[in-house]
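Student: Next one to model:
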Amino acid sequence: MIYQITIPTNIFFWLKGLTASAVIIVAVIIGLISIIKASKLNAKLLIILGAAIFFMGFLYMGPFVDFLSVIFTGTNIPEWLYPRLSYTWIAPAVVLGMYIGGELLAPKRKWIIVGIFTAIVIVYLYLLWISGAYGLPDFNIFTNVYYNFDFTPIPPSVDYDIIDSSFKLLSPLFLLMVVIILSVLVFNGIGFLIKSGKSTGVIRKKFLLLGLGFVIFTVAGAGDSLVAPGIGLVAVRLGMITSIILMYYGLKT
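Tutor: Alright, predicted model coming up:
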């Protein structure tokens, strides 16, 4: 394959690509800082948070990889691959996030919480990756068919744009996503905010930052699939970056 730099003039291509890149870059930097600092201090929760932050950033891997593919090859990545590059990372991010929430809010029940959400994300990953493939039932998850597992690059549209994938409303995976997002919002987001109200001093501030971080994360994550390209998309992805920073400072020692 001959690589040739393509510079699209479509403003929405750059808006979606650069904002996705920004989220990933910030997540990788803060995740590395968290893990390196935590390793020196033997701070287990901060290591776990660093890993969770990586996965939160990787939620934008689909548009990021497609963005680079168009620039360096002049083609989009296969449509079936695009949503899987992004939505796969919800699974480890949620499990690690629930471990943090369980450790700080309900330490005696944390493994029950982690176990429940591990089971949920296993079903989630089955629906995302296996449903409709290899002759298995197709639960009609996305607005297009993504199950042919064909790695042939797709020529982009004449105006060069990043692929846009969306769940079909009321599909099993969409409903499971709603359950996961609401669980993180209620347990980690609202749970930490309530804990903040019952605490004082530095502890109160840390729970407040964690609570705000998880609330903004869930709102931004949901909003990213609903907001059309434009200033709204920039605001949503800035919100995702903000949530990552708040979580880091909430556990930073």
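
Student: CA atoms for contacts and neighbours, from now on please.
Tutor: OK.

Student: shaky segments in the stretch 1-150 of the chain?
Tutor: Counting by pLDDT under 70, the stretch 1-150 of the chain contains low-confidence residues at 1-3, 131-150.

Student: give me that answer again for 80
Tutor: Segments of the stretch 1-150 of the chain classed as low confidence (criterion: pLDDT under 80) are 1-6, 8-9, 79-80, 130-150.

Student: Do a quick rundown of the helices in it.
Tutor: Listed in chain order, the helices found in the stretch 1-150 of the chain under DSSP state H, counting those that start in this stretch are 11-41, 44-58, 61-73, 81-87, 90-105, 110-125.

Student: Run the chain-centre distance for the last one.
Tutor: In this case it means helix 110-125. 17 Å (Cα atoms, centre = their mean, to the nearest Å).

Student: cool, and the shortest one?
Tutor: Between the centre of helix 81-87 and the centre of its chain there are 11 Å (Cα atoms, centre = their mean).

Student: buried residues in that helix?
Tutor: By neighbour count, and taking 16 or more other Cα atoms under 10 Å as the criterion, the buried residues in helix 81-87 are 81-87.

Student: could the helices of the stretch 1-150 of the chain go into a markdown table alongside distance to residue 175?
Tutor: Formatted as a markdown table, the helices of the stretch 1-150 of the chain follow (distance: least, Cα to Cα, whole Å):
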| stretch | distance to residue 175 |
| --- | --- |
| helix 11-41 | 25 |
| helix 44-58 | 20 |
| helix 61-73 | 21 |
| helix 81-87 | 14 |
| helix 90-105 | 14 |
| helix 110-125 | 10 |
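
Student: Pick the most deeply packed of those helices.
Tutor: Looking across those with neighbours counted as mean count of other Cα atoms under 10 Å, the highest average goes to helix 44-58: a mean of 24.

Student: what's the angle from it to helix 11-41?
Tutor: Going by axes from the mean of the first three to the mean of the last three Cα atoms, to 10 degrees, helix 44-58 is angled at 170 degrees with respect to helix 11-41.

Student: Enumerate the positions of the helix or strand where residue 177 lies that are buried.
Tutor: Of the helices and strands defined by DSSP states H and E, residue 177 is found in helix 172-183. Neighbour counts over helix 172-183 (16+ other Cα under 10 Å) mark 172-174, 176-177, 180-183 as buried.

Student: which of the residues you listed lies closest to residue 161?
Tutor: Checking the buried residues of helix 172-183 against residue 161 by Cα to Cα gives residue 174 as the nearest, at 24.6 Å.

Student: quick one, what contacts the most centrally placed residue in the chain?
Tutor: A centroid search over the chain (Cα atoms, centre = their mean) returns residue 59, at 3.1 Å, as the residue closest to the centre. Going by Cα atoms under 8 Å, 6 or more residues apart in numbering, residue 59 touches 85-90.

Student: about what we covered before: show me what the helix holding residue 177 is packed up against.
Tutor: Contacting helix 172-183 under the criterion 3 or more Cα pairs under 8 Å, 6 or more residues apart in numbering; DSSP states H and E are the following elements: helix 110-125, helix 201-224.

Student: Would you mind giving the orientation angle of that helix with respect to helix 201-224?
Tutor: 160 degrees.

Student: Determine the angle, from 0 to 180 degrees, between helix 172-183 and helix 90-105.
Tutor: Angle, helix 172-183 to helix 90-105, by the same axes, to 10 degrees: 20 degrees.

Student: Quick check: mean pLDDT of helix 172-183?
Tutor: Helix 172-183 shows an average pLDDT of 87 in the prediction.

Student: Just the buried positions in the helix or strand just after that helix, please.
Tutor: Toward the C-terminal end, the helix or strand that comes next after helix 172-183 (DSSP H and E) is helix 191-197. Using 16+ other Cα under 10 Å as the burial criterion, the residues of helix 191-197 that qualify are 191-193, 195-196.
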